[in-house]
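S.K.: what follows is a predicted structure for the sequence shown.
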Amino acid sequence: MSEHDHHDDHGPAKGIKRWLYATNHKDIGTMYLVFSLAMFMIGGFMALIIRTELFSPGLQFINPAFFNQMTTMHALIMVFGAVMPAFVGLANWMIPLMIGAPDMALPRMNNWSFWILPVAFSLLLSTLFMPGGAPASGWTMYPPLVLQTGDAFPFLIFSVHLMGLSSIMGAINVIVTIINMRAPDMLLLRMPMFVWTWLITAYLLIAVMPVLAGAVTMLLTDQFFGTSFFLAAGGGDPVMFQHIFWFFGHPEVYIMILPAFGVVSEIIPTFSRKPLFGHDSMVYAASSIAFLSFIVWAHHMFTVGMPLSGQLFFMFATMLIAVPTGVKVFNWTATMWRGAMTFETPMLFSLAFLFLFTIGGLSGLMLAIVPSDIQYHDSYFVVAHFHYVLVPGAIFGIQAAVYYWLPKWSGHMYNEKLGKLHFWLSAVFVNVTFFPMHFLGLAGMPRRIPDYSTQFANFNSVASIGAIGFGLSQLLFIYIIWLSVRKQGAQATSEVWDNPKGLEWTVPSPAPYHTFERPPEVTTDKAFT
């Protein structure tokens with residue numbers, strides 16, 4: 001290719017070409033974030049269809065087959081289309097800036113890994129219009145159910161392959177950038193937490209995405225090539241699919257939360273005016289979580305009839321993950337302790353993350369206990385658990401990051417009053433939506449059902465009202481971003497969050513070290529002697 005391959009003859013590409021041929025990390029990061037926001041709204045609309053149907057008992061608006069298609073598509077779109085691309089967008093934008101690199105290491109591959117995504121999700125969404133409709137197997141795609149999908153089946157498999165391909169390329173790019181392009185004196189343990197959590201996430205992605213690719217390819221050959229990997233009639237085992245899927249699926253959950261840990265580890269110190277408490281221990285905790293995520297997969301499968309020794313191993317390994325997660329929660333709390341705290345919108349989202357993610361973690365600990373899990377399994381308690389981890393966890397983490405870095409991206413402040421309004425609406429409605437689901441699950445309501453017994457009616461209508469409120473309040477989020485990008489806010493200063501309230505740095509230890517020169521000799525601070 002010539003050196004003008006992505007330029008006009010008269011200088012840089014303009015208009016649509018700027019985006020089609022983008023190799024600049026900021027442009028690609030922006031495209032990921034905009035794409036993710038669009039998918040978030042589409043996936044959210046599907047969730048509202050589900051919650052509207054469940055507002056009262058009986059079948060109101062949609063038939064059960066379409067209801068199951070909505071649960072499947074909602075999950076696939078939120079996981080692979082909203083949360084993961086948002087974090088890749090944040091990585092693209094921020095990692096080069098944080099490590100002093102001029103760009104991502106592999107800019108053309110970066111462009112390709114983005115443009116695969118719209119194709120993948122067009123394929124996935126097109127299944128809604130095919131004979132037999134979209135897949136209705138849940139996002140887990142369990143056989144033999146998924147093999148009843150009809151014409152949409154190969155399109156589902158191909159779109160999953162494309163999503164995986166995009167993720168793997170994004171991850172390779174992150175690793176090569178961080179390892180090879182750091183500023184000369186930036187040692188690994190001097191990297192910001194967001195960069196660290198993404199480095200760990202990228203290794204997870206490269207390790208588990210091919211496992212998912214293998215599992216769905218085996219589904220494809222079972223359907224079209226006469227193999228019997230998962231078909232009991234031909235000597236296969238449907239439970240083997242669960243093992244392969246969850247070997248991917250559990251690390252995937254941490255892929256969706258680790259970058260949020262990194263975001264919160266940047267924001268809490270800023271608004272507490274203190275360095276992060278125990279930076280190195282946070283790195284080790286994140287690495288431990290990543291390692292342990294590979295040996296807990298069968299806690300999703302306590303009811304398949306595995307031997308007692310297997311149940312015990314996976315139970316104890318799962319409970320062990322609570323230890324490094326607890327280290328992180330206590331470190332964030334210790335960072336705020338005696339800090340000069342202010343409560344701008346990014347900090348509010350981070351605090352909500354801290355409280356609500358912890359609730360999700362504690363209900364996860366309940367699910368880790370085998371005898372309890374046999375009761376909770378496939379009930380609405382599980383739905384409550386993972387939504388507390390993913391909505392106030394991953395999505396609040398992303399929104400905190402957007403508010404935190406938006407002035408840097410657009411050059412203009414967002415509207416702080418509207419930002420706080422968005423936060424309070426989101427925080428209230430997210431609890432109104434998902435907290436009642438704990439009670440529904442404990443009372444015995446199964447998940448993935450379009451109709452239910454009348455004793456579950458009250459909590460379901462509360463949850464549906466919460467979901468509609470949460471969905472509508474996200475329109476405010478889009479409006480706030482739009483105002484900032486259209487330069488409606490005040491001009492951002494060079495150090496946006498440095499001293500929003502004119503506070504001095506109030507730390508009894510030396511200020512954290514931000515230049516890339518060699519650090520001065522560290523002396524014991526008088527405050528500690």
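M.R.: Nice, thanks for sending it over. All values derive from a computational prediction rather than experimental measurement.

S.K.: now for whichever strand or helix holds residue 125, which elements pack on it?
M.R.: Residue 125 is located in helix 107-126, with elements delineated by DSSP states H and E. Helix 107-126 is packed against helix 25-53, helix 64-76, helix 84-99, helix 153-180, with contacts defined by 3 or more Cβ pairs under 8 Å, 6 or more residues apart in numbering; DSSP states H and E. C-betas here are computed from N, CA, C, even on glycine.

S.K.: I'd like those helices as JSON lines, with mean neighbour count, distance to residue 125 and mean pLDDT appended.
M.R.: Output for the helices and strands packed on helix 107-126, formatted as JSON lines (neighbours: other Cβ atoms under 10 Å; distance: least, Cβ to Cβ, whole Å; pLDDT from 0 to 100):
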{"stretch": "helix 25-53", "mean neighbour count": "20", "distance to residue 125": "8", "mean pLDDT": "98"}
{"stretch": "helix 64-76", "mean neighbour count": "20", "distance to residue 125": "8", "mean pLDDT": "97"}
{"stretch": "helix 84-99", "mean neighbour count": "25", "distance to residue 125": "15", "mean pLDDT": "97"}
{"stretch": "helix 153-180", "mean neighbour count": "21", "distance to residue 125": "9", "mean pLDDT": "98"}
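
S.K.: and those helices: which comes nearest residue 417?
M.R.: Among the helices and strands packed on helix 107-126, helix 25-53 comes nearest to residue 417, with 21.5 Å by Cβ to Cβ.

S.K.: who's in contact with residue 332?
M.R.: Contact analysis of residue 332 by Cβ atoms under 8 Å, 6 or more residues apart in numbering lists 264, 265, 268, 277, 354.

S.K.: no, scratch that, I was asking about residue 327
M.R.: By Cβ under 8 Å, 6+ apart, the contact list for residue 327 reads 278, 281, 282, 285.

S.K.: can you pick the most crowded of those?
M.R.: Among these, residue 282 has the most neighbours (other Cβ atoms under 10 Å), with 23 neighbours.

S.K.: quick check: that residue vs residue 341, distance?
M.R.: According to Cβ to Cβ, to the nearest Å, residue 282 stands 19 Å off from residue 341.

S.K.: could you dump the helices and strands packed on helix 107-126 to CSV with distance to residue 432?
M.R.: As requested, the helices and strands packed on helix 107-126 are arranged in CSV below (distance: least, Cβ to Cβ, whole Å):
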stretch, distance to residue 432
helix 25-53, 11
helix 64-76, 19
helix 84-99, 24
helix 153-180, 32
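
S.K.: if we can go back for a sec, nearest to residue 197, of the contacts of residue 327?
M.R.: residue 282 (8.8 Å).

S.K.: who touches the one helix or strand that closest one maps to?
M.R.: In this assignment (DSSP H and E), residue 282 forms part of helix 279-292. Taking contacts as Cβ under 8 Å, 6+ apart, the residues outside helix 279-292 that touch it are 189, 193, 196-197, 200-201, 203-204, 251, 254, 258, 261-262, 265, 276, 317, 320-321, 323-325, 327-328, 331.

S.K.: just to revisit the earlier point, most neighbours out of the contacts of residue 332, which is it?
M.R.: Busiest of the contacts of residue 332 [other Cβ under 10 Å] is residue 264, holding 30 neighbours.

S.K.: isn't it right up against residue 353?
M.R.: Yes: taking contacts as Cβ atoms under 8 Å, residue 264 lies within contact range of residue 353: 5.5 Å.

S.K.: where do the helices sit along the stretch 351-500 of the chain?
M.R.: Counting by DSSP state H, counting those that start in this stretch, the stretch 351-500 of the chain has helices at residues 370-376, 380-389, 396-410, 416-442, 457-485.

S.K.: which one, of the ones you listed, ends up nearest to residue 169?
M.R.: helix 396-410 (20.8 Å).

S.K.: how far does the closest one sit from the chain's center?
M.R.: The chain centroid and the centroid of helix 396-410 are separated by 15 Å under Cα atoms, centre = their mean, to the nearest Å.

S.K.: name the helices or strands packed onto it?
M.R.: Secondary-structure packing of helix 396-410 (3+ Cβ pairs under 8 Å, 6+ apart): helix 25-53, helix 84-99, helix 238-272, helix 345-368, helix 416-442, helix 457-485.

S.K.: now it: mean pLDDT?
M.R.: What helix 396-410 shows for mean pLDDT is 96.

S.K.: check stretch 137-146 too.
M.R.: The model assigns stretch 137-146 a mean pLDDT of 95.

S.K.: list the buried ones in it?
M.R.: Going by neighbour count (16 or more other Cβ atoms under 10 Å), the buried part of stretch 137-146 is 137, 138, 139, 141, 142, 143, 146.

S.K.: just the residues contacting the helix holding residue 125, thanks.
M.R.: By Cβ under 8 Å, 6+ apart, the residues outside helix 107-126 that reach it are 20-25, 28, 31-32, 35, 39, 42, 73, 76-77, 80-81, 85, 88, 92, 104, 134, 155-156, 158-159, 162-163, 165-167, 169-170, 172-173.

S.K.: just to revisit the earlier point, could you single out the nearest of the buried residues of stretch 137-146 to residue 304?
M.R.: Using Cβ to Cβ, residue 142 comes nearest to residue 304 of the buried residues of stretch 137-146, at 10.9 Å.

S.K.: give me the phi and psi for the closest one.
M.R.: Main-chain dihedrals, residue 142, degrees, to the nearest 10: phi -70, psi 130.

S.K.: hmm, back to that, now list whatever residues contact both of residue 264 and residue 353.
M.R.: Jointly contacting residue 264 and residue 353 under the rule Cβ under 8 Å, 6+ apart are 397, 400.

S.K.: so which of the helices and strands packed on helix 396-410 is nearest residue 177?
M.R.: Residue 177 lies closest to helix 84-99 among the helices and strands packed on helix 396-410, at 6.0 Å (Cβ to Cβ).

S.K.: so what secondary structure elements neighbour that closest one?
M.R.: helix 25-53, helix 107-126, helix 153-180, helix 193-224, helix 238-272, helix 396-410.

S.K.: and those: which comes nearest residue 467?
M.R.: helix 25-53 (3.9 Å).

S.K.: center of the chain - which residue?
M.R.: When Cα atoms, centre = their mean is applied to the chain, the residue found nearest the centroid is residue 256 (3.2 Å).

S.K.: and residue 273, how many neighbours?
M.R.: 20.

S.K.: hmm, I typed the wrong one, I wanted residue 346.
M.R.: 26.

S.K.: do the same with residue 222
M.R.: By other Cβ under 10 Å, neighbour count at residue 222 equals 21.

S.K.: that one contacts residue 235, correct?
M.R.: No: Residue 222 is beyond contact range of residue 235, at 11.9 Å (criterion: Cβ under 8 Å).

S.K.: spit out the residues that contact the two alike.
M.R.: With Cβ under 8 Å, 6+ apart applied, the overlap between the contact sets of residue 222 and residue 235 consists of residue 228.

S.K.: quick check: pLDDT value at residue 494.
M.R.: At residue 494, pLDDT is 76.

S.K.: which residues sit in contact with it?
M.R.: Applying Cβ under 8 Å, 6+ apart, no residues qualify as near residue 494.

S.K.: could you pull up phi and psi at it?
M.R.: Dihedral angles (degrees, to the nearest 10) for residue 494: phi -70, psi -30.

S.K.: where does the stretch 401-529 of the chain dip in pLDDT?
M.R.: Applying pLDDT under 70 to the stretch 401-529 of the chain picks out residues 498-529.

S.K.: ok, back up a step: and the contacts of helix 279-292, which are buried?
M.R.: 193, 196-197, 200-201, 203-204, 251, 254, 258, 261-262, 265, 276, 317, 321, 324-325, 327-328, 331.

S.K.: buried residues in stretch 217-237?
M.R.: For stretch 217-237, the neighbour count (16+ other Cβ under 10 Å) marks 218, 219, 220, 222, 223, 229, 230, 231, 236 as buried.

S.K.: CSV for those residues, including pLDDT?
M.R.: Shown next, in CSV, are the buried residues of stretch 217-237 (pLDDT from 0 to 100):
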residue, pLDDT
218, 98
219, 97
220, 97
222, 97
223, 96
229, 97
230, 97
231, 96
236, 96
